[in-house]
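>>> Whatever this is, show me its structure:
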Amino acid sequence: MKGILILTYLLTLIQQGIACSCVYPTEISKAFVASKTVVYGEIVELKIIKVSDSMDPDSLRHYLQKEELNDLQSEILNSDFLIQAKLRIIELFKGEINNETLTLYTTRTGASCGFTGFEIGKQFIIYSSPNSYFFSHFYQPQGNRRLEKANTNWVTSCSITTALREDHLNMLQVIKIAREGLNILKTKDLLKNENKIYSTVLVKNYEGKFDHILFENDEIITNNELKRQDLILTLLSIQGNIAELSFKSFDDGGFVHNGTIKLVKNKREWAKDSMNYLSAIE
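Model (predicted):
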């Protein structure tokens, strides 16, 4: 009977339009912008849990003291409708995670936007958020309280979360390397003294043609409208833990700087190994 009640309630939600409907970018650079967390890692644990087990206990207790749930809502709260996955982090591309692992939640069905492709021992590129896409439909936070547990993320099938693909991983490396290159040039005073620096990053695709990624400071611009061009970065190569960039930058004095930066990857981070450049007035 409990199972029937839960199923009936979920079907009612679907009929009311809460079923999965995806509006999410499919391009890597745009998905990067749209996601709070982008991480590459290996699934080391999977289990089915109750909806309530994904919530912060104190926040849930506080909420239940103020709100009275109906019977069906209580059934949902105690239903085994979520997948909990533990991800061993190999590399973090975006987000604030200080642990070696990240706990992920998703619903068990594709109809509810759940990502159902996780397998223990398999590596994934994850686009996720600390905000729940599931129980936020039912429960509203009280004041500044959040029902989501700290240091956890939610994954949806609407995102471009995927099993490891080398071309996908390489593009994320390009974004990370470009941001580090920009920061290096800032510290060397080789850029304009402006609040916003606009950059074009060029990288060869598998057809041998150059794709470009646009940045405002170290954030990607997705509308393809570059207001001006203060820096052109070209990724020359990535070979294991070594990457090389060429750059052409413009400063306030009318100087143009042309050079290269060699970066070395130490654990998860890229750092400058060497740098050479020439300056001239154009």
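>>> What sits closest to N151 if chain neighbours are left out?
Among residues not flanking N151 along the chain, N99 sits closest, at 6.5 Å (Cβ to Cβ, 6 or more residues apart in numbering). In short, each C-beta sits where N, CA and C put it, glycine included.
>>> now the strands for the protein?
37-49, 82-94, 101-107, 123-128, 152-154, 162-163, 198-204, 210-216, 219-221, 231-239, 242-250, 255-266, 269-281 (DSSP state E).
>>> Which one of the ones you listed lies nearest to Q173?
strand 231-239 (6.1 Å; Cβ to Cβ).
>>> Would you mark the buried spots in the closest one?
The neighbour-count check on strand 231-239 (16 or more other Cβ atoms under 10 Å) flags 231-235, 238 as buried.
>>> Return the member of those residues nearest to F81.
Nearest to F81 among those, counting by Cβ to Cβ, is I238 at 41.5 Å.
>>> Tell me, how many residues neighbour the closest residue to the closest one other than its chain neighbours?
Leaving aside its sequence neighbours, I238 sits nearest to Q173 (Cβ to Cβ, 6+ apart; 6.1 Å). When neighbours are counted by other Cβ atoms under 10 Å, Q173 registers 19.
>>> From L182, how far off is Q173?
Distance from Q173 to L182, counting by Cβ to Cβ, to the nearest Å: 15 Å.
>>> Repeat that for I90.
Counting by Cβ to Cβ, the separation of I90 from L182 is 24 Å.
>>> cool, and I261?
I261 is 10 Å from L182, by Cβ to Cβ.
>>> likewise N99?
Counting by Cβ to Cβ - N99 and L182 are separated by 27 Å.
>>> And these two? Which one has more around it.
Under the criterion of other Cβ under 10 Å, the comparison of N99 against L182 puts L182 first, with 22 against 8.
>>> re earlier: dump the buried residues of strand 231-239 to CSV, plus pLDDT.
As requested, the buried residues of strand 231-239 are arranged in CSV below (pLDDT from 0 to 100):
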residue, pLDDT
L231, 92
I232, 93
L233, 94
T234, 94
L235, 93
I238, 90
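>>> if we can go back for a sec, the residue nearest to N151 reaches A150, doesn't it?
No. Applying Cβ atoms under 8 Å, one finds N99 not in contact with A150, separated by 10.8 Å.
>>> Please look at L191 and I184 and confirm they touch.
No. Applying Cβ under 8 Å as the test, L191 and I184 come out as separate, 10.3 Å apart.
>>> which outside residues touch the helix ranked longest in the chain?
Longest helix in the chain, counting residues (DSSP state H): helix 166-187. If you take Cβ atoms under 8 Å, 6 or more residues apart in numbering as the criterion, helix 166-187 is touched by 28-29, 32, 38, 40, 93, 125, 162, 191, 197, 199, 201, 203, 206, 213, 215, 217-218, 220, 231, 233, 235, 238, 243, 245, 247, 249, 261, 263, 269-272, 275.
>>> Swap in 6 Å and give it another go.
28, 93, 125, 191, 201, 203, 218, 233, 235, 243, 245, 249, 261, 270, 272 (Cβ atoms under 6 Å, 6 or more residues apart in numbering).
>>> what's the angle from that helix to strand 82-94?
Between helix 166-187 and strand 82-94, the angle comes out at 40 degrees (axes from the mean of the first three to the mean of the last three Cα atoms, to 10 degrees).
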